[in-house]
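>>> Predicted coordinates and the sequence they were generated for:
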Amino acid sequence: MSVVLTILLGVLVVFLITAVTGYFVAQEFGFVAVDRSRLKARAAAGDATAQRALDITARTSFMLSGAQLGITVTGLLVGYVAEPMIGSGIGELLGGVGVPAGTGVAVGTVAALLLSTVVQMVFGELFPKNLAIARPEPVARRLALSTRAYLRVFGWLIWLFDRASILLLKAVRITPVEDVQHAATPRDLERIVEESRDSGDLPAELSTLLDRTLDFHERTAEHAMIPRPQVTLVEADDPVSRVVELMTTTGHSRFPVLTGVETVTGVVCLRDVLALDEERLSTARVADIAREAVLVPTSLPLSTLVTRLHEANEQFACVVDEYGGLAGLVTTEDIAEELVGEIADEHDPEDESQARVIEDGDWLLPGALHVDEVERLLGHDLPAGDYETIGGLVITHLRRLPRPADRITVELPRHPGADDDEPDWVVNLVVEAVDRHVPETVRLELRETPHGSRTEVTA
C-alpha cells in the first residue's frame, strides 16, 4: 500500500511542479504579447496592476531570462521526482507480480518519463502558452505582482546568467537589446487592416482610408500629379487676355508658364490677373505677372511635397522630370485625393474619372486610374511593373499602343501563404476606347481559375 501511495504522491508532485512551469511559461508569453498601449492607458487612469505590468515589459530581456531559469529548474525537478517516486514504485509493483527486476525498473522508468513528458507538454507548456497568447492583458496584469517579487528575489542569479549570454553575444559581435521590438512594419499594419476588414471589425470605408494612409509615405509627386497631356499651358509671351479666356473656359485658376518648349519659368494665378487695372489687362504679357513656380522632381515623396507647398504658401507645384521638362503638375487637392480618394467638384466632368460597376459585375475603369486604386476595388494585388495606371498595364502587356477591342488576360499573383486548394485569379482587360493613343476606358473582368492552370496574354 505504501508503494501505491508513493506513486500517487509522485504524480501529485509532478503536477504541482508542472503548475509552476506553467506559471513561468505564462510569464514568458503574456508579457511579450500584451498590448503596451492599452497598459499605458490603464496605468494613466490609475490602474496599479497595469503600471506594474508595464514596468516589467520595460525589461523584457531580463524577464525572459528569469522565466527561462524557472522553466529549466522546474523541468529538472520533474525528472528528479518522477523516476525515484513513480518509476521505482511501478517497478516495485511489477516485481511483486513476478516481473523480473530489470524489466520492471525499465518499464517503470519509461512510464514515469512518458507521464512527466505528457504532463509537462500539455499543462506546463501548451496550455499556459495558448492562454497567455489568447488573453495577454489579464495574464500579464495578474502575474505582475508575483513576477516582480520573483525578479527581485532571484534577480542576482538571473543577472549572472543574463550577463553571461550578453558577453557571448558580444563575443560574436551581436549587440544585445534589453527590450523586444514592438514596432510594426507598414506591411504588418496593412495585414492587420486587411484582416480586421475581412472579419468585420473595421468598416470598409475606414479600412480603405487607413490603407491609403499607409501607402501615402511611399507615394511620390509623379504618382499624384496630373500628367502634362492633361495640363493647360500658357507661354510667357502670351497676352494676359488669353489667360482670362482660359480661366473662363476651363474653370482653372492657375496655369504653368513656359518659355520655349520645355522650360518652366513661373505660374500665373487668378489673383494676379484680378490685381491688374483695365489698361494693363489689355496690354500686359503673361511674363509680366507670372510668379515664381514651386518646382519639384518626380521622385519627391508626397509628405515632403506637402511641407514644400506649406513653406511656399502655395497650393500648386510643377513636377519636373529628370530631363528638366515639365512632367505634370500637382495641387493640394491631388495630394488629398491620395488619402480620401477622388474628390469631385464642379469642374470635373461627370463620371470621367470614376470607376463603375456594369453588367455581370464587371468594372468599367478610366485608363488613367492608378493601379493601387484598382487593387482596392478588386481586393487583389495586380502584377508589379513599370507603370502607374491600368492603361499602362494594358500597354505593357500588349507591347504596342492599343486599339479598341484589344483584350489581354493577366494572372494575378497569389498571396503569401495561400493553400494549394485555393484558386488562382485572373483579370480580363478589354480596351473600350482610345484617346491620344492610350486607353481611355478599360473593361475589367475578374475571374477565378483552377490553381496551376497557365494563362496566356492575348491581344
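It's in. Residues are numbered from 1 along each chain as shown.

>>> Which parts of this structure are strands?
With DSSP state E as the criterion, the chain has strands at 226-227, 234-235, 254-259, 263-269, 295-297, 316-320, 326-331, 356-357, 363-366, 407-411, 424-435, 438-449.

>>> neighbouring contacts of the fourth one?
Just to be clear, that refers to strand 263-269. With CB atoms under 8 Å, 6 or more residues apart in numbering as the test, strand 263-269 has contacts from 234, 236, 240, 243, 253-259, 286-287, 289-295, 316, 318, 320, 324, 326. To be clear about C-beta, it is placed using only N, CA and C from the backbone, and glycine gets the same treatment.

>>> Format the strands of the chain as TSV; extra columns: mean neighbour count.
Formatted as TSV, the strands of the chain follow (neighbours: other CB atoms under 10 Å):
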stretch	mean neighbour count
strand 226-227	16
strand 234-235	18
strand 254-259	21
strand 263-269	19
strand 295-297	17
strand 316-320	24
strand 326-331	23
strand 356-357	10
strand 363-366	20
strand 407-411	17
strand 424-435	18
strand 438-449	18
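
>>> who wins for proximity to residue 157 among the ones you listed?
Ranking these by their distance to residue 157 (criterion: CB to CB) puts strand 424-435 first, at 56.5 Å.

>>> so what secondary structure elements neighbour that closest one?
helix 390-398, strand 407-411, strand 438-449 (3 or more CB pairs under 8 Å, 6 or more residues apart in numbering; DSSP states H and E).

>>> now those as a markdown table including distance to residue 159 and mean pLDDT?
Formatted as a markdown table, those follow (distance: least, CB to CB, whole Å; pLDDT from 0 to 100):
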| stretch | distance to residue 159 | mean pLDDT |
| --- | --- | --- |
| helix 390-398 | 59 | 92 |
| strand 407-411 | 57 | 90 |
| strand 438-449 | 59 | 89 |
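
>>> And the ones you listed: which comes nearest residue 65?
Nearest to residue 65, of the helices and strands packed on strand 424-435 and by CB to CB, is strand 407-411 at 49.6 Å.

>>> report the angle between the axes of that closest one and strand 438-449?
Strand 407-411 and strand 438-449 are oriented at 50 degrees to each other (axes from the mean of the first three to the mean of the last three CA atoms, to 10 degrees).

>>> mind giving me the domain ranges of this protein?
2-171, 186-216, 221-340, 356-449 (automatic domain parsing).

>>> Comparing the ones you listed, which yields the minimum mean pLDDT?
Mean pLDDT values for the domains of the chain show the minimum at domain 186-216, a mean of 78.

>>> tell me which residues in that domain are buried?
Going by neighbour count (16 or more other CB atoms under 10 Å), the buried part of domain 186-216 is 193-194, 197, 202, 207-208, 210-212, 215-216.

>>> try stretch 135-149
136-137, 139-141, 143-144, 147.

>>> what's the answer for stretch 231-247, then?
231, 234, 236, 238-240, 243, 246-247.

>>> got it, and stretch 9-16?
Neighbour count says stretch 9-16 has 10-11, 13-14 buried, by 16+ other CB under 10 Å.

>>> Redo the residues you listed as JSON lines? Include distance to residue 340.
Shown next, in JSON lines, are the buried residues of stretch 9-16 (distance: CB to CB, whole Å):
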{"residue": "10", "distance to residue 340": "68"}
{"residue": "11", "distance to residue 340": "65"}
{"residue": "13", "distance to residue 340": "64"}
{"residue": "14", "distance to residue 340": "61"}
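
>>> Which of those fall in helices?
Judged by DSSP state H, the subset of the buried residues of stretch 9-16 located in helices is 10-11, 13-14.
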